[in-house]
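Enquirer: predicted structure and sequence below. I'll ask about it afterward.
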Amino acid sequence: MRKTEETPSAPTLEAKSTEGRDIHEANSCTDIIAPWQQNINPSSTAAIILPLLRSGRGNARKRSELLEATGLSDRVLRRGIEALRRSGVVICSGEHGYYIPATVEEVNAFVRQEEARARSTFYTLRPARQLAARMQEQGEQMQLEGVR
């Protein structure tokens, strides 16, 4: 059965204890995300995702955990995270999952990761740009041999 793309009413993520402390209290990033929360529509996907994110790479949430907790589809979850990022919320991601950075090292590692991803994309686009330039020089009707 396909997960709904509608906004669920109340996300929950089971709190596991860590040496007697509630993980939600021990790893809360309320102070970090509070400034952004006031600008988010409470019924939006972003408002559902943001409270589930924790501070620090060691407290990262896997996408599968977020999908289960929210009931969102993978596409809607990824778009919600992107919307949060574009609104100014720094959400790091990697093999550990998604998290709010707790240290400057985590922020810098994320910046390096995303810059490398951007460079890779631009290198991938280079042949397409070169082809477009050749096609424009020879007229817009040029076709690649063997490609229809």
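Expert: Nice, I can see it.
Enquirer: now residue 100: phi and psi?
Expert: Main-chain dihedrals, residue 100, degrees, to the nearest 10: phi -90, psi 130.
Enquirer: likewise residue 94?
Expert: The phi/psi pair for residue 94 (degrees, to the nearest 10) is phi 180, psi -160.
Enquirer: residue numbering should commence at 496 henceforth.
Expert: Yes, from this point I'll number from 496; that puts the last item at residue 589.
Enquirer: ok, it touching residue 552?
Expert: Yes: look at residue 589 against residue 552 with Cβ atoms under 8 Å: they come within range, at 7.4 Å. C-betas here are computed from N, CA, C, even on glycine.
Enquirer: okay, these two: which has more neighbours?
Expert: Taking other Cβ atoms under 10 Å, residue 589 and residue 552 do not tie; residue 552 has more neighbours (21 against 13).
Enquirer: distance check, the more buried one against residue 607.
Expert: 14 Å (Cβ to Cβ, to the nearest Å).
Enquirer: swap in residue 568?
Expert: 30 Å.
Enquirer: when those two are compared, which one has more neighbours?
Expert: Using other Cβ under 10 Å as the criterion, residue 568 and residue 607 rank with residue 568 on top: 15 against 10.
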